[in-house]
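Peer 1: my questions concern the predicted model and sequence given below.
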Amino acid sequence: MTNESTQTKLMTNWRWWLCSLLFVATTINYLDRQVLSLTYEEFIKPEFGWTDADYGTITSFFSIFYALCCLFAGKFIDWMGTKKGYLWSIGVWSAGACLHALCGYGSSLLTGSPDLAAATKIGSNAALAFSTTSVYLFLFCRGILALGESGNFPAAIKVTAEYNPKKDRAYSTSLFNAGASVGALAAPLCIPPLAKSLGWEWAFVVIGAFGFLWMFFWQFMYDKPEKSKHVNQAELDYIHQDDEAEAAAKVAEKEEKAIPFFKCFTYRQTWSFICGKLLTDGVWWFFLFWAPSYFQNQFGIKASEPLGQGLIFTLYAIVTVVSIFGGYLPKLFVEKRGMHPYSGRMLAMLIFAFLPLVALAAQPLGVQSPWWPAILIGIAAAGHQAWSANLFSTIGDMFPKSTIATITGVGATAGGFGSMVIQKVAGNMFDTAEAAGSAFQFMGFEGKPAGYFIMFCFCGIAYLISWVAMKLLVPKYSPIKV
């Protein structure tokens, strides 16, 4: 038996226990994010008298504020250190999640009306004040949630780098990132029943409390590998097997010039990435925030009903399964067809850009069965995840390592801005379409269904438009040299 195999057999595997904690944190992250979308139409909207425009305002604010916070979250984690930084991150977002439950009480306290019905009896102005106050309180809570959640991925990726050699980091990242899919799948099965049996407030409290429980385990389980009593020398040697190579890489990176922030915007490659994010990020957030509302408005199926839970679960199950192949296709082009990595990535992105086109058929086929929209939206959303995975990789293809984080932050902000616009436009259009009724028509549909059809059409073609824009800006592989 070789020394390496003996070492592998005898070493501890504490890094995989920590990877499990990262997986749970990411699952909680997505659960907390989805409580509002799964309780909005059935519980919150009638209680506060919200319009879809109000909901659009709240979701659009979350999108842009989350994106802006992402610009600084990594710096915060580095400054605080992994342990304290992660505790602060999940502590803040869990507190924000639980605070949603107090929005009703806060609205009553600030307006002097116990509920919307009482405010309505006083007069329309009182009812409007109650509704508007609740919107602002939810905006405040979503801001806290976004602030905390922006630290999850920077902290998780930092832990992965601390506890894994390079060859294991991609695998470890894929494992903890699977928590996003598990959270999306678990949400429709647990959140609506909680809201129906205990009240929507308790759905926020119970799901939010999971984060505080996680903090307890993190406090006692995490420490840097060199200080952890659970990591023996064999595992420590395995973790640090790349130290010499990484030290040489850091020296090379210091010698490599960083591109000044504003100069980044003088390169076509920057604008190519911005175009890829600007039009497409909002599609994912639209499906995430509006799907439960769509099934209730279009088919009268509530998220708390078994059929509603089944539809949303099916949608995200398709996303989970299909998007797995997102990173494999360009690898296939490179290894089997000998293509350049960038060319293979762009070809894969073109193929994935066609998947969301199936959303164009969601509304027409929905006349036959609600399962058709669930399946087709699932395929479209899976196309987004596959597209997004490859889009981020184009940064490494074209930019020096010293500027990758900067360009990633710029793209995240562009995506957040695009999402903000889409959420706000959708909410306003749905209100307008509902009020206009048969006077609002599109492709044989009228009223709110016509509004949804318009949004599905945009979601379907957004990726092809983005791909064409990227290709026009950067026709062929063109790395930046500084």
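Peer 2: Perfect, I can see it now. This structure is a prediction, so every number in the text was calculated from the model and none was measured.

Peer 1: from Pro330, how far out is the residue lying closest to Thr408 once chain neighbours are set aside?
Peer 2: Distance criterion Cβ to Cβ, 6 or more residues apart in numbering; nearest residue to Thr408, sequence neighbours excluded, is Ile395 at 6.1 Å. Just so you know, the C-beta spots here come from the backbone N, C-alpha and C atoms, and that holds for glycine as well. Relative to Pro330, Ile395 is positioned 14 Å away (Cβ to Cβ, to the nearest Å).

Peer 1: more neighbours, these two?
Peer 2: Neighbours around Ile395 and Pro330, counted as other Cβ atoms under 10 Å, are more numerous at Pro330. The numbers are 24 against 21.

Peer 1: where does the more buried one fall, secondary structure wise?
Peer 2: Assigned by DSSP states H and E, Pro330 falls within helix 328-337.

Peer 1: contact partners of that helix?
Peer 2: 339-341, 343-345, 347-348, 351-352, 386, 390, 393 (Cβ atoms under 8 Å, 6 or more residues apart in numbering).

Peer 1: again, but for stretch 403-418
Peer 2: Contacts for stretch 403-418 (Cβ under 8 Å, 6+ apart): 63-68, 70-71, 74, 258-259, 261, 264, 270, 273-274, 276-282, 392, 395-396, 399, 480.

Peer 1: helices of the stretch 301-450 of the chain, start to end?
Peer 2: 306-322, 328-337, 341-354, 362-366, 371-398, 401-436, 448-473 (DSSP state H, counting those that start in this stretch).

Peer 1: a markdown table for those, including distance to Leu185 and mean pLDDT?
Peer 2: Listed next are the helices of the stretch 301-450 of the chain as a markdown table, based on distance: least, Cβ to Cβ, whole Å; pLDDT from 0 to 100:
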| stretch | distance to Leu185 | mean pLDDT |
| --- | --- | --- |
| helix 306-322 | 5 | 90 |
| helix 328-337 | 21 | 75 |
| helix 341-354 | 21 | 88 |
| helix 362-366 | 20 | 95 |
| helix 371-398 | 11 | 87 |
| helix 401-436 | 22 | 89 |
| helix 448-473 | 21 | 96 |
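
Peer 1: specify the stretch among these that is closest to Gly183.
Peer 2: Among the helices of the stretch 301-450 of the chain, helix 306-322 comes nearest to Gly183, with 9.1 Å by Cβ to Cβ.

Peer 1: chain center to the closest one: distance?
Peer 2: 17 Å (Cα atoms, centre = their mean, to the nearest Å).

Peer 1: next: stretch 74-93.
Peer 2: 19 Å.

Peer 1: also stretch 404-424?
Peer 2: 12 Å.

Peer 1: how about stretch 415-428?
Peer 2: 15 Å.

Peer 1: ok, stretch 12-31 next?
Peer 2: 17 Å.
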